[in-house]
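Asks: Let me see the structure of the following:
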Amino acid sequence: MQVMAPDRDELRRLAEIRLDRPVVLSLYLDLDPTEFATPPARATAVRSLLDEADRQVRDRRDLPHEERMDLRASLERAGSVLEGDLPAEGAQGLTIFVAESAELFEVLKLPRPVPSRVAIRRSPLVAPLALLARRERWCVALVNRRDARIFRGSGFATINGTIFACMSVGAALGSWVSGVLFDLSGGYRASFVFSMACVVIAALPFWSSRPLGSQR
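Replies: Below is the predicted model of the structure:
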């Protein structure tokens, strides 16, 4: 089992799981190495999580008897994984989704810590995973006859949307600001100076970006 944050397709698949019965038991285990680096510390975290899950299972008196029994079986299966050979190598967090009679059992090893948490509902609790979801990666190459500069990053959709939002604001305000400057100065020189200043400010983030590497 690899340590990997879920991507959007996996999040969508989990979010679309809806069970009329039984309910889904969702367990999040914090394995932050700064706090739970030793086996005794991890065992304490596991015991605390299972105790909280047991308490919530006992408190769900609103569920029919059959569903409570299924929930108890789900907890026992999750407990056998957590208290047995805990699949924690390389992981800083662990998530288990289980609904025993629906044959739902998924274990995710997470690359970053998550707060320990228990949820009992008709679908898996995926909100904490959304914060860890793998983002779309992007790469930009600037090439001439001698050099190649490579830039990379993530969140391309956010970056692209922000650029177009700023362009729209500039288009909306540019004419108005130019008109105000013309009325105040009696000419277009102030408008040109203001436009050039905006271009320089907009270019600064690109000039300050450090390339991933260069190749000649």
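
Asks: gap between the residue lying farthest from the centre of the chain and residue 177?
Replies: What lies farthest from the middle of the chain is residue 186; by C-alpha atoms, centre = their mean that is 52.6 Å. Look at residue 186 and residue 177: by C-beta to C-beta, to the nearest Å, they are 16 Å apart. Every residue, glycine included, has its C-beta placed from N, CA and C.

Asks: Repeat that for residue 129.
Replies: 44 Å.

Asks: for residue 69, same thing?
Replies: Counting by C-beta to C-beta, the gap from residue 69 to residue 177 is 69 Å.

Asks: go on, residue 14?
Replies: Note on residue 14: its distance to residue 177, by C-beta to C-beta, is 48 Å.

Asks: Among these two, which residue is more densely surrounded?
Replies: Between residue 14 and residue 177, counted using other C-beta atoms under 10 Å, the more crowded position is residue 14 (21 against 15).

Asks: Quick check: longest helix in this protein by residues?
Replies: helix 156-185 (DSSP state H).

Asks: Could you list the low-pLDDT ranges of this protein?
Replies: Residues of the chain meeting the criterion pLDDT under 70: 1, 87, 133-140, 142, 149-160, 205-216.

Asks: all strands of it, in order?
Replies: 24-30, 93-99, 104-110, 117-121, 137-143, 148-154, 213-215 (DSSP state E).

Asks: for stretch 99-117, which positions count as buried?
Replies: 99-100, 102, 104, 107-110, 113-114, 116-117 (16 or more other C-beta atoms under 10 Å).
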